[in-house]
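Participant: got a predicted structure here, sequence first:
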Amino acid sequence: MLIVTYFCLWGSPGTTPDGVIGNVEAAVVAYCSRSGHGSRIFPPGTITGIQFMRTSQYIQITGVLNQTGLNLDPSDSGVDVPHRHQYSSGLNATDNSTLEQVVSWNNFIGSGVFCFKLCGPLTYPNYCENRYDLIGCNYNAPAAYEAGVFESCDGELQDVVGTYTDSFGTTQTWSQPTSFANDATLPWTPRIPRSSNCVRYKSTDLFPDSLLGYQCTFFYSYGGFCWINEP
């Protein structure tokens, strides 16, 4: 079972907790759970819940956080933060050691939650599309987002973003408009994919304050993530 002990999120480049991600996204800096890559470090209490989920098509990390730990305004509802395609390195889902290219990924943060999804060689559909940047984690990466829960799971695939079944049993496709009011409602509620084989941890097992400054040695340490291969 793979768990995440070393990972990074984008945050404000400022030094006070009042940044708005939509205003600073061109200048965001990395905040990580360990030192070693020249980044800032999460203050204790930043990550208050996390779920690592591995599926047949993507790896997804979702969680609950105190946004002030990233120098973001706690009331900031968030935005899609910088992303790129053809990101090099990831982990093959079959043997936990062979490196595989992450072809596309997306990342959102705001309203006290974050989500990070990484997809391998493109298949249809692409679960890491970046064209639904106005509807955040709940629709792009539906999960439980539970404070106080730190776990690693296998999971089933989510529904394709924007595709849903209406009350008449008909499959519908929703297209994101060019602008979207904060209080607008969408015509469906996203289904949270089922998880299995979950292993729960204490927060101190994953992010012990005493190990700030720890650097990956015998763990895999690619792409800003440190992966432990648990039996």
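Facilitator: Happy to help now that I have it.
Participant: what about the residue of the chain most remote from its centre, which SS state?
Facilitator: Here the chain has its C-alpha centre computed as a mean, and the residue farthest from that point, by CA atoms, centre = their mean, is Phe168 with 33.0 Å. Assigned by DSSP: H, G, I helix; E, B strand; the rest coil, the conformation of Phe168 is coil.
Participant: and stretch 200-207, how far from the chain's centre?
Facilitator: In terms of CA atoms, centre = their mean, to the nearest Å, the centre of stretch 200-207 is set 18 Å apart from its chain centre.
Participant: what about Ala181, neighbour count?
Facilitator: The number of residues packed near Ala181 is 8, by other CB atoms under 10 Å. For glycine as for every other residue, the C-beta is placed from the backbone atoms N, C-alpha and C.
Participant: likewise Asn130?
Facilitator: Applying other CB under 10 Å, we find 15 other residues in the vicinity of Asn130.
Participant: so what does the host helix or strand of Asn107 touch, helix or strand wise?
Facilitator: When elements are defined using DSSP states H and E, Asn107 is found to belong to strand 104-110. Counting contacts by 3 or more CB pairs under 8 Å, 6 or more residues apart in numbering; DSSP states H and E, strand 104-110 packs against strand 8-11, strand 79-80, strand 113-119, helix 136-140.
Participant: could you give the mean pLDDT of the second one?
Facilitator: In this model, strand 79-80 has an average pLDDT of 63.
Participant: same thing with the longest one?
Facilitator: Strand 113-119 shows an average pLDDT of 92 in the prediction.
Participant: and if you look at the first one?
Facilitator: Averaging pLDDT along strand 8-11 yields 88.
Participant: which neighbours does that strand have in its sheet, and in what orientation?
Facilitator: Using DSSP bridges, the neighbouring strands of strand 8-11 in the sheet come out as strand 29-32 (antiparallel).
Participant: what does the partner strand rub up against?
Facilitator: For strand 29-32, the surrounding residues in contact (CB atoms under 8 Å, 6 or more residues apart in numbering) are 6-13, 37, 39-42, 46, 69-70, 224.
Participant: got the buried residues for that strand?
Facilitator: By neighbour count with 16 or more other CB atoms under 10 Å, strand 29-32 contains the buried residues Val29, Tyr31, Cys32.
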